[in-house]
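In: Dropping the sequence and predicted coords here.
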Amino acid sequence: MLSRCLTLLVLLCYVGHVYAREMTCNELDDGQEGHDPARMVKHGPYFIVYYSGLEQTFIDPVNGKWNIGLGFAKHGFILKGDNLPRWIYDELGDKLNGDPIEPGTAPGMLNETVMYYCVTDWDLDDGSACIGRAVAQGDPPFPTWVDDGKVICSTSVDAQLDIGPFNIDPAAFNDYEGRTWLIWGSHYSGIWMLELDYHTGHLFPLDEPGWDGDNPNYIRVASAEHDGEDGIVTPDHRDYLGGQIESAFVTKHNNWYYLFVNWGRCCRGHASTYNIRVGRSRSPSGPYLDDLGRDMKDRAGKQFLQTEGRHIGPGHAGVLEYTNGSTTTYIFTYHYYDRDMAAGTARIVAMEMTWSADDWPVLSDTYFNPYPDPLHGKWGIQTKGTQRYWHEDGLSTKLINTVFQGGDAHNVFMFDRTEDGSYRIRVEHERGLVHEHGIGDQLLSTRFGTEDDHSRYFFELQPDDGSYRIRVKANGRYVSENADQTIGTLSQVDDDNSRFFLTKLN
Ligand SMILES: *[C@@H]1O[C@H](CO)[C@@H](O)[C@H](O)[C@H]1NC(C)=O
Ligand SMILES: *[C@@H]1O[C@H](CO)[C@@H](O)[C@H](O)[C@H]1NC(C)=O
């Protein structure tokens, strides 16, 4: 994404974050607040989308919905603040200006463990920028991202003369022969491709000095019209080599390569004009032609997705080809500005994509939903602190506690998903409904069994340990184990006795 919008974006990300935290549910079709999604990756059982602002969101197998965007900086991403790699200062020097920079802006994923990211000083917006590489260590959904150094840097001179690439918005892919390609660029001189050394994920030595007009390995594959600052095409702008183009992405299907790019402008709230174009080629390096046979390099591209209804300014295409058993699903992710929300709030959605008879991508209206009934089956609920399992007392109080660990039907719980994403919790024994006593002791029991918001619970995955906090819909109170081993919502301290592991039972 091009910079002029960045100040706005950061602010909105922040606002979006607060908003997201206050939301009680995020169904898949609403998407999750975020901007510039990298293509979705499947890491373990998690479908993760990394996006601008050092953030990530994911669909997990236990609650089956988008999890709130949690800054992955908090979970070990090293490219922030004092941890900024030295090479970035060496390359961009005082251009960083001492201001916060955004090394995680618009990342691109080669796969679940390799990320390309860009870094620039958006305040200057002068065309100097670098792309770096980072690798994931540790377990999903919050691996630690470790910097793997510079891939390529551009100078303001190259980019401003509209001849060399502006090094932002990276994406990467492996071609049918197993070679790795970097694709990137924004405005100025358009979209570029370069083969990377498969073994290192970095440039081949020959290409190391960076872009050079005489080096044919740097291939310009797409450009767009420039409509001027105010959306008005002027003769001047027509002569301008670079138009409004960025967010390139390549995916493969049936021996074709497909290049998606964004035309138009991002980050202007409901006035954003982002739209997604596509072309295809038999060769990874192009030429990419649209459905009329026009080369995308010459400002062409088949319209794939544009503003429609609530979805304003769709952008930043990404595709995950996901095979589960004998079924292959193509999952198309993008962001849009939501007409029904505060101007500028961007959401990321994941839709299923199919292919036409003549091999063009077609966006379906089906939201990707890998875990439609994620808590199906029978479960044990274990308090993290005491490591004891929940149990329904056979006495008339029918309290939920951890006193008995008998491993019978009183220790087995089942979850029914409701329309708002919350769950009802039932004990296998007589299918007793777990209910929070509204006033007084705030204990959980199956004694009353009333079907109201005191018997609806949200499960919130905790990134640091994989446990869940369980929140009552009626009052937002969190469930915890008391000192006397009863389960209730009296204590609102976030400690190990208010975190629970779910164990799948056969
Ligand atoms: C991701 O790509 C890197 C670099 O090519 C490779 O070493 C790694 O094995 C890949 N990871 C997966 C899970 O395919
Ligand atoms: C994979 O397929 C199986 C069998 O159809 C299904 O039960 C499971 O939910 C699928 N998993 C995902 C993550 O799509």
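Out: Perfect, thanks for sending it. Residues are numbered from 1 along each chain as shown. Ligands and ions are numbered 1, 2, ... in the order given.
In: Please, where are all the strands along the stretch 251-400 of the chain?
Out: Listed in chain order, the strands of the stretch 251-400 of the chain (DSSP state E, counting those that start in this stretch) span 256-263, 275-281, 302-305, 311-324, 327-338, 346-355, 361-367, 378-383, 391-392, 400-401.
In: What pairs with the first one, parallel or antiparallel?
Out: Spelled out, that is strand 256-263. strand 245-253 (antiparallel), strand 275-281 (antiparallel) (DSSP bridges).
In: Let me know the average pLDDT across the shortest one.
Out: Translated: strand 275-281. For strand 275-281, the mean per-residue pLDDT is 97.
In: Wait, residue 266 touches residue 334, no?
Out: No: using Cβ atoms under 8 Å, residue 266 is not in contact with residue 334; the gap is 11.5 Å. C-beta: built from backbone N, CA, C; applies to glycine.
In: Give me the residues contacting the strand or helix carrying residue 116.
Out: Secondary structure assigned from DSSP states H and E places residue 116 in strand 114-120. The contact list for strand 114-120 (Cβ atoms under 8 Å, 6 or more residues apart in numbering) reads 3, 38, 50, 79, 88, 92, 101-110, 128-136, 145, 151, 167-172, 182, 184, 201.
In: so, in contact with ligand 1 or not, that strand?
Out: Yes: counting by Cβ under 6 Å from any ligand atom, contacts between strand 114-120 and ligand 1 involve residue 114.
In: so after that strand, what's the next helix or strand?
Out: Taking DSSP H and E, what comes next after strand 114-120 is strand 129-137.
In: and that next one with strand 114-120, angle?
Out: Taking axes from the mean of the first three to the mean of the last three Cα atoms, to 10 degrees, one finds that strand 129-137 is oriented at 150 degrees with respect to strand 114-120.
In: quick one: strand 129-137 to chain centroid distance?
Out: Relative to the chain's own centre, strand 129-137 is displaced by 17 Å; criterion: Cα atoms, centre = their mean, to the nearest Å.
In: i'd like the first residue to be 160 from this point on
Out: Noted, 160 is the first residue going forward, which turns the last one into strand 288-296.
In: Over to stretch 594-602 now: how far is its first residue from its last?
Out: One end of stretch 594-602 to the other measures 8 Å (Cα to Cα, to the nearest Å).
In: what separates it from the chain centre, distance-wise?
Out: 38 Å.
In: The residue of the stretch 310-459 of the chain found nearest ligand 1: what's it in contact with?
Out: Here the residue of the stretch 310-459 of the chain nearest ligand 1 is residue 360; by Cβ to the nearest ligand atom that distance is 5.5 Å. When contacts are counted by Cβ under 8 Å, 6+ apart, residue 360 is found next to 269, 273, 292, 307, 310, 331, 339.
In: neighbour-wise, which of these leads?
Out: residue 331 (25 neighbours; other Cβ atoms under 10 Å).
In: so how far is residue 542 from residue 662?
Out: 12 Å (Cβ to Cβ, to the nearest Å).
In: Could you do residue 419 as well?
Out: Residue 419 is 47 Å from residue 542, where distance means Cβ to Cβ.
In: quick one: which of these two has more around it?
Out: Remark: of residue 419 and residue 542, residue 419 carries more neighbours, 28 against 22, as counted by other Cβ under 10 Å.
In: Report the residue ranges of every domain in this structure.
Out: 162-526, 537-664 (automatic domain parsing).
In: quick one: the helices in the stretch 160-309 of the chain?
Out: 165-181, 245-251 (DSSP state H, counting those that start in this stretch).
In: Of the strands paired with strand 415-422, give the one that comes closest to ligand 2.
Out: That would be, of these and by Cβ to the nearest ligand atom, strand 404-412, which comes in at 19.2 Å.
In: Now do that closest one: distance to the chain's middle.
Out: 17 Å.
In: now swap in stretch 589-598 and tell me
Out: Worked out by Cα atoms, centre = their mean, stretch 589-598 lies 36 Å from the chain centre.
In: picking up where we left off before, overlap in contacts, residue 425 and residue 493.
Out: residue 474.
In: Between those two, which is the more surrounded one?
Out: Neighbour count, other Cβ under 10 Å: between residue 425 and residue 493, residue 493 has more, with 31 against 27.
In: right, and that one touches residue 435 too?
Out: Yes: applying Cβ under 8 Å, one finds residue 493 in contact with residue 435, separated by 6.8 Å.
In: where do the contact lists of those two overlap?
Out: 464, 473, 474, 476.
In: With pLDDT and distance to ligand 2 as new columns, can those residues be given to me in TSV?
Out: What follows is the shared contacts of residue 493 and residue 435, written out as TSV (pLDDT from 0 to 100; distance: Cβ to the nearest ligand atom, whole Å):
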residue	pLDDT	distance to ligand 2
464	97	24
473	95	25
474	96	26
476	98	22
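In: Could you dump the residues you listed into CSV with distance to ligand 1 added?
Out: Formatted as CSV, the shared contacts of residue 493 and residue 435 follow (distance: Cβ to the nearest ligand atom, whole Å):
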residue, distance to ligand 1
464, 28
473, 28
474, 26
476, 21
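In: Tell me which two of the contacts of residue 360 sit farthest apart.
Out: 307 and 339 (13.5 Å; Cβ to Cβ).
In: any idea how far the nearest residue to residue 649 once chain neighbours are set aside lies from residue 630?
Out: Excluding its sequence neighbours, the residue lying closest to residue 649 (Cβ to Cβ, 6 or more residues apart in numbering) is residue 601, at 4.6 Å. According to Cβ to Cβ, residue 601 and residue 630 sit 13 Å apart.
In: Kindly report the same for residue 644.
Out: 21 Å.
In: Comparing the two, which shows the higher neighbour count?
Out: residue 630 (19 against 16).
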